[in-house]
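Undergrad: What follows is a predicted structure for the sequence shown.
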Amino acid sequence: MNEYIKNLTGLTDNLIKFSPKFKDSERIKVIQAVPSSQSVHHQFERMTHNEVYLRQSYPSACPHCGRLMRKNGFKTVYLKGLDIAGLPTILVVEKQKYICPRQEGCPELTTDLARIHGIDKNHQILDKVKQQALLALTEKRSVKDISANLHISEGTVNRLFPQLAPQFKANYKFLPPVIAFDDFSSGKFAATQMSMALMNPQTHELLDIIESRNSYALRKYFYRYDFHARAKVKLVIVDLYQPYRTIVRDLFPNALIVADRFHIIAQAYRAVNQIRIQTMKAVKESNPALSRALKRYWRYVLKDRTDLDWQSFRRYRVFGGAQLTEVELTDRLTNASEELLGAYNYYQALLHAMHNRNIKSLEALLTIKLTALPQPLRKTQRTLRNHQNEIKRSFETFYSNGPLEGTNNLIKVIKRIAFGYRSFYNFRLRILLVAKNPHFKIKLRDKKGHPRWAGSLN
């Protein structure tokens, strides 16, 4: 086969040629769509497409007697090839038929059909097209969109998932020295509707997806790993959910638990926001303008004070047209009640301690009596006290669940574009494909011919 056919169709068979039945100008035709009421000899004739006319013929030996088989005409087959000029392409291939009649040394009548390298037996879609679908699965696109762009069925794309499963088998004899895991909403796959994502925070590689976050599922998953692999884990970064502590200590005997900074701040964030809403409702009758301001400018109350603008002035109608900076606006909002002001100061002190990794500031903050704090912040204070050592440990390392939170957002996108998944098997594989799992790599080349890898961070 010449290079022209190879590049044009995506076939890799060196024996296939253009059909001699057609002139050079007719070997590739653009076929206009026919009305749907007419009978068609293949599914693509209902749309405008390209047709490339080819022939596959070569000497073939009988598998029984070893003699050359007689040629017995041709059988026309229709194969899905790579698109040409943006139109779907059908390869109309005349495949040679062979026959070896019953004779001395050949016990029975034998027939055969020419085969084409680059396409599986009894299949109608080229391997190159399936490879394109496989690469498209590594992008944030729905299966329906991929099948429509490649002009193949959704079932064909979905059947690629079982072929990928061996690529995503975890190495149960190795775990990185630092691991991080966080839960995310997965739906009906788990009893708690929450699954777990496991990541290597050193390389930001998503290692695996665990079906459920409950104790039984986590233990069942991690007990597959060798004890020596689990013993080499030195740090485990996790949120402040208390049941995880017992599981981590049992599974990773030499690991220290590091509280994730995002979840530490989130504890106070939610409490302050709750107090803001309570204050907004309390002053609604006595001061409607202030209530509206607390509702409209809620971001300033929850923003780091160091990020507020203290130079630019802006007119605020809710305060009688006063020209205020963001700092002055925040002060007026937080002075709406003593509880809100106390919660705001607590929240800002926690932000200062976390951003500056100041252990003394954290210790001073945690010594505040519970009775001196508004009710929603008391739970936050107790939680931070219980995990005080883990929080201090987070000051000593730069690892966090930040990359994992970004992956959780990616998972939400994958769920949304697919309108949900019915199979956790396919859901897990798709997440690992899009999130660049280190176990899956496809070697490609960029425009300059340099090798690169799809499906990995390399």
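TA: Cool, got the structure. Residues are numbered from 1 along each chain as shown.
Undergrad: So what does the residue nearest to Gln202 when sequence neighbours are not counted look like in phi/psi?
TA: Using Cβ to Cβ, 6 or more residues apart in numbering and skipping residues adjacent in sequence, the residue nearest Gln202 is Val178, 5.5 Å away. Backbone N, C-alpha and C define where each C-beta goes, glycine included. Backbone torsions of Val178, given as degrees, to the nearest 10, read phi -130, psi 130.
Undergrad: shaky segments in the stretch 301-450 of the chain?
TA: 437-450 (pLDDT under 70).
Undergrad: Strands of the stretch 201-350 of the chain, residue ranges please.
TA: For the stretch 201-350 of the chain, applying DSSP state E, counting those that start in this stretch gives strands covering 205-210, 235-238, 256-259, 314-316, 322-324.
Undergrad: I'd like the average pLDDT over the second one.
TA: For strand 235-238, mean pLDDT rounds to 94.
Undergrad: Off-centre distance for stretch 80-99?
TA: Computed by Cα atoms, centre = their mean, to the nearest Å, the chain-centroid distance of stretch 80-99 equals 34 Å.
Undergrad: Please identify the buried residues of that stretch?
TA: Residues 80-84, 88-98 are the ones in stretch 80-99 that count as buried (16 or more other Cβ atoms under 10 Å).
Undergrad: Identify the residue nearest Phe419 in space, chain neighbours excluded?
TA: Ser142 (7.9 Å).
Undergrad: how many neighbours does that neighbour have?
TA: Per other Cβ atoms under 10 Å, the neighbour tally for Ser142 reads 15.
Undergrad: Ile125 too?
TA: Neighbours of Ile125 (other Cβ under 10 Å): 18.
Undergrad: Quick check: the gap between it and Ser153.
TA: 9 Å (Cβ to Cβ, to the nearest Å).
Undergrad: shaky segments in the stretch 151-300 of the chain?
TA: For the stretch 151-300 of the chain (pLDDT under 70), the answer is none.
Undergrad: Show me where it has its helices.
TA: For the stretch 151-300 of the chain, the helices defined by DSSP state H, counting those that start in this stretch occupy 154-158, 160-164, 215-222, 227-231, 243-251, 261-282, 288-296, 298-301.
Undergrad: Show me the contact partners of the shortest one.
TA: The contact list for helix 298-301 (Cβ atoms under 8 Å, 6 or more residues apart in numbering) reads Val272, Asn273, Arg276, Leu294, Leu308, Glu326, Leu329, Thr330, Leu333, Thr334, Leu340, Tyr344.
Undergrad: what's the most distant pair in those?
TA: Farthest-apart pair in the contacts of helix 298-301 is Asn273 and Glu326; separation 18.0 Å (Cβ to Cβ).
Undergrad: more neighbours, these two?
TA: Legend: neighbour count by other Cβ under 10 Å for Asn273 and Glu326, higher for Glu326 (20 against 16).
Undergrad: The more buried one and Tyr346, how far apart?
TA: Using Cβ to Cβ, we find Glu326 at a distance of 20 Å from Tyr346.
Undergrad: repeat for Gln163
TA: Gln163 sits 54 Å away from Tyr346, taking Cβ to Cβ as the criterion.
Undergrad: Among these two, which residue is more densely surrounded?
TA: More neighbours surround Tyr346 than the other of Gln163 and Tyr346, with 22 against 10 (other Cβ under 10 Å).
Undergrad: Surely the more buried one is in contact with Ala268?
TA: Yes. Here Tyr346 lies in contact with Ala268, judged by Cβ atoms under 8 Å, at a distance of 6.7 Å.
Undergrad: those helices in the stretch 301-450 of the chain, which residues are they?
TA: 326-334, 338-356, 359-366, 375-386, 388-395, 402-418, 424-434.
Undergrad: Tabulate the CA atom coordinates of the last one in PDB.
TA: Included here for helix 424-434 are C-alpha records, laid out as PDB according to Å, rounded to 0.1, in the frame of the first residue of the first chain:
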ATOM      1  CA  PHE A 424     -19.200   3.100  39.100                       C
ATOM      2  CA  TYR A 425     -16.900   1.000  37.000                       C
ATOM      3  CA  ASN A 426     -17.100   3.400  34.000                       C
ATOM      4  CA  PHE A 427     -17.300   6.500  36.300                       C
ATOM      5  CA  ARG A 428     -14.000   5.600  38.000                       C
ATOM      6  CA  LEU A 429     -12.300   4.900  34.700                       C
ATOM      7  CA  ARG A 430     -13.500   8.200  33.100                       C
ATOM      8  CA  ILE A 431     -12.300  10.200  36.100                       C
ATOM      9  CA  LEU A 432      -8.800   8.500  36.000                       C
ATOM     10  CA  LEU A 433      -8.700   9.100  32.200                       C
ATOM     11  CA  VAL A 434      -9.500  12.800  32.400                       C
END
